[in-house]
Structure formats: C-alpha cells, structure tokens
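In: Any chance you can model this:
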Amino acid sequence: MTGPLSLPPVPDPFRLPFHYGALHQVGVDWLVDPGPVRRLLAEHHPGLTAAVLDDGSALVSLNYQLYFAQYAFGGGVTQEIECNVVAFPTTEAGRLPRLTYAQYARGWDQTKLLGIARLHVVCDNPFAIRAGRELYAEPKRPGWFEVGLPSLNGPEGDTWSVRCLAASAGPGDVLERAPDPVLDLTVRLDGLTPVAASSAPVTGYGTDREGRLLAGPMNVSQPYRWFDLGDPGHSARARLTVHAPDGALGGDLGALLGAEAPAAGAWTYQSPPVAAHHRPYYLPAAPRGRRAAAQEVRPPSRADA
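Out: Numbers count the residues shown, from 1 in each chain. Sure, this is the predicted structure:
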C-alpha cells in the first residue's frame, strides 16, 4: 500500500479554488490516429496514456475560453486557447469504461480519469499565465486574440470566430503584441440542435518540472452544449487554419491532425446574464402652463426665513 498523496503548494498571491465570474467557451474535437498522440504524450506527459475510443481513435481538442474573474482589487478579463489530447494516468488503466466518442462527449465517464492533457496553452493575461504555470503546470505562453462570438449584445447567430496571434511578455509582465497570426478557428453551429452534455468536472493534467503528474478538476455550473459534427454534411462547419506550421503549436497540430482531418464534434458554454439594462423610454412632456408654474417655484432662502 502507498501512503496518502501530498497536495501541491499554492504560492502567494494565488488562492484556490479559482472562481470564474463568467465563462464563454467553444471547443472542437478531432478523432485521430493514436500514434502521434502517444509520441507527444511521451514527450510532454510521460505519466499519461492516450485514451483510445471504441472506434480505435484517439481524441484531440482545441478550446477557446473568454472569462471574467473578480478579485479584491477589481476585475480581470482573460482569453486563452488550449491544445489538448484526451488521456488518463497510466496507473489507472483498469478503472476506465469503454466508450464511443459520443458517449465520452456527453459525460459518460464518471471516473473523470479521461481528462485533457495540455500540450499548448496560449493566453493574453500575464497573471493568468503565471497562475497556470505555477498552480497547474500548464505549458502556458503569451498570445492575443481577435474574436467574433455569439452574444446577447450582438447579432443573432451561433458562429464562433477565433484568431490567435503571437505575443511576448515585456518588462513588468506587460503583454507585447505581435502582428503575426498563429491560427484561426471558425465554428458555425447555426441551425444545429445541441445535446446537453454533463461532462464536468473536467480533469486537466499537467506535468511539473520535477516530472510529477498533477490533476486539477474544473467544475462548470451548467451543462455544456454538444454538437455532433460527424455527419459528412457538417464537415465544413469547423475550420482550422494554422498560420505558423513551423512553430511548436503549429507543428504539433500538423502532426496530430494532418492536412484535412474533419471535426467530430463541438461543444460550447456561455454563462447566463445576471442583469439587463433595458431600452429607455420618453416621458410625456408637461403642459406649457404647468411647466411655467414649475419654473417659478424656487427653494426658500435665508432672507425668506
């Protein structure tokens, strides 16, 4: 028997759990050959094994997040995109259910051992980059985003458009943007009927500098919406364009997805609004006589007293 596991430290100024004030998220899944996934996992996360679904495929996902957090000093908005493969701790292989992709996407794995092994994370918030690295051993680096998202404050529709561009961390951890695009992800979900997917908590895996495997669960308060894109007629609804194929992220995506791998599914989450400021309306104007009388009324002065 082994003794109890120790918990990783939580360095100042961080506090856990980290609470999201709002979250907007889109993810796209690809079913791929397990061979390249196994090679990358051996390089990035040697304690993990690639999950193989019922059809013999491994699973790669990209997910974009826009989230708000409220702190004691105010608020912060963060955007990031993750490149993940679905994997599990090698030591836990005997506990896993056998699933199809659709079953996995709907949250049938109640062990929550089928988690996301992060290969690359690009983020526009230096504080969030530091938190991801120090708390969860995320391979997080700077980038910035140009996006078009479904919104109650925008035109009707369910299309997500995400462009990730290069950036670096300048003096004082200030994000310095570069004009170079890294990738474009477009997901057109208009007209499709989603299925409620109770897949949370999602287990995120990281490997720290000492080679220790970390598992961090993320709870989401409402079900995700999952869209089945497996029908050939839906193959063009999710489009990924890699602009930097020789970079670390672009090179790994090329190895995992090949040239034109069709997406198998997409999933979204959008926090519900908590308040709404409604359209104003005009009040009727007062009649002229009453308006003049109102103008003659003045507050009493000390002389009047």
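In: can you give me the strands in this structure?
Out: 22-32, 48-50, 58-71, 74-89, 115-123, 140-148, 159-169, 175-188, 195-197, 202-207, 213-218, 224-228, 238-242, 265-270 (DSSP state E).
In: List just the one of these that sits closest to residue 133.
Out: The closest of the strands of the chain to residue 133 is strand 140-148. By CB to CB, the value is 5.5 Å. The C-beta positions use only the backbone N, C-alpha and C, and glycine is treated the same way.
In: So for the closest one, mean pLDDT?
Out: Averaging pLDDT along strand 140-148 gives 98.
In: tell me which strands and helices it is in contact with?
Out: strand 58-71, strand 74-89, strand 115-123, helix 126-136, strand 159-169, strand 175-188 (3 or more CB pairs under 8 Å, 6 or more residues apart in numbering; DSSP states H and E).
In: The residue nearest the centre of the chain pairs with what?
Out: Centroid-nearest residue in the chain, with CA atoms, centre = their mean: residue 65, separated by 2.8 Å. When assigned by DSSP bridges, residue 65 has beta-bridge partners residue 25, residue 80.
In: burial count for residue 23?
Out: For residue 23, the neighbour count with other CB atoms under 10 Å is 17.
In: ok, for it, nearest residue in space, not its chain neighbours?
Out: Nearest residue to residue 23, sequence neighbours excluded (CB to CB, 6 or more residues apart in numbering): residue 67, at 4.7 Å.
In: contacting residues for that neighbour?
Out: Neighbouring residues of residue 67 by CB atoms under 8 Å, 6 or more residues apart in numbering: 20-24, 77-78.
In: Repeat that for residue 57.
Out: Contacts of residue 57 by CB under 8 Å, 6+ apart are 31-34, 101.
In: ditto for residue 212
Out: Neighbours of residue 212 in contact, by CB under 8 Å, 6+ apart: residue 8.
In: Next, work out how far apart it and residue 90 are.
Out: 14 Å (CB to CB, to the nearest Å).
In: Count the residues that sit near the nearest residue to residue 39 once chain neighbours are set aside.
Out: Closest residue to residue 39 apart from its sequence neighbours, by CB to CB, 6+ apart: residue 255 at 7.8 Å. Using other CB under 10 Å, residue 255 has 15 other residues around it.
In: With residue 119 instead?
Out: Residue 119 has 22 nearby residues by other CB under 10 Å.
In: What count of nearby residues applies to the residue lying closest to it once chain neighbours are set aside?
Out: In space, and not counting its chain neighbours, residue 119 is closest to residue 83: 4.9 Å by CB to CB, 6+ apart. The tally of other residues near residue 83 (other CB under 10 Å) stands at 24.
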